[in-house]
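[1] From the sequence below, what's the structure:
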Amino acid sequence: MTSLNNSINDIDHHDGATPKTQPIKYEKPAAHPIQVAHQGPYIQPPPPPMMDQQFDNNFLYQQFKLLEASKIVRTEQKSKIDKKNAILMFCFGWIFFPLWVGGFAFLRSPSKVARDLGISALVFFACISIAVIIGVFVNFDHFISGNNLNGLSYT
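    Numbering: from 1, shown residues only. Down below sits the predicted model:
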């Protein structure tokens, strides 16, 4: 049991002398010069295309032409529909003038006729609205004061 209570120094040195500590020597690693190359960011090249995913340029050109043709057809159809609707809105606006507010719908139309009718409808709506508001106030003022425009009283 006494051997268990002995310190490590006692176990290592049986002669009873105090151990001499030797300094630990660290060796410097061999100097490797670090060369830093100033390179731009690394851009990984795209993977090569698979053979079944390659498209013929002529095929892509034909698809592009079909897409453009369908856009032209849709624009022409929208132009015709907008022109018809703008004419109807403008004509029926003479019967019921608040319909002219629908001119906003034609301000960005591909049809020049529809755009022009939309702007005209909005101008007419503004003019008629101002005239109606002025007329209502003038008639209301004369009705309240008891004077008619013809000089007759309402009493």
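[2] all contacts plus neighbour counts: C-alpha atoms, from now on.
    Noted.
[3] Any regions of the protein where pLDDT drops low?
    Screening the chain residue by residue with the criterion pLDDT under 70, one finds the ranges 1-23, 25-42, 48-56, 142-155.
[4] Flag every buried residue along the biggest helix by length in it.
    Looking only at the chain and at elements set by DSSP state H, the helix with the highest residue count is helix 57-93. Under the neighbour-count criterion of 16 or more other C-alpha atoms under 10 Å, helix 57-93 has 79, 80, 82, 83, 85, 86, 87, 89, 90, 91, 93 buried.
[5] got it, and stretch 106-115?
    In stretch 106-115, residues buried by neighbour count (16+ other C-alpha under 10 Å) are 106, 107, 109, 110, 111, 113, 114, 115.
[6] can you tell me which two in those are farthest apart?
    Between any two of the buried residues of stretch 106-115, the greatest separation by C-alpha to C-alpha is 10.3 Å, found for 107 and 113.
[7] What distance do you get for residue 86 to residue 44?
    With the distance defined as C-alpha to C-alpha, to the nearest Å, residue 86 ends up 56 Å from residue 44.
[8] err, residue 76, not the other one
    46 Å.
[9] the helices in this structure, which residues?
    Taking DSSP H as the criterion, the chain carries its helices at 2-5, 8-12, 57-93, 112-145.
[10] would you list those in CSV and tack on distance to residue 24?
    Compiled in CSV, the helices of the chain are given as follows (distance: least, C-alpha to C-alpha, whole Å):
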stretch, distance to residue 24
helix 2-5, 28
helix 8-12, 18
helix 57-93, 73
helix 112-145, 93
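[11] out of these, nearest to residue 101?
    helix 112-145 (6.0 Å).
[12] Can you spell out which helices and strands pack onto that closest one?
    The criterion is 3 or more C-alpha pairs under 8 Å, 6 or more residues apart in numbering; DSSP states H and E, and the helices and strands that helix 112-145 contacts are helix 57-93.
[13] Residue 102 reaches residue 118, doesn't it?
    Yes. Assessed by C-alpha atoms under 8 Å, residue 102 is found in contact with residue 118 at 7.4 Å.
[14] Looking at the two, which is more packed in?
    residue 118 (27 against 19; other C-alpha atoms under 10 Å).
[15] distance of the residue nearest to that one when sequence neighbours are not counted from residue 141?
    Here the nearest residue to residue 118 in space, its sequence neighbours aside, is residue 103; by C-alpha to C-alpha, 6 or more residues apart in numbering that works out to 3.8 Å. As judged by C-alpha to C-alpha, residue 103 and residue 141 stand 33 Å apart.
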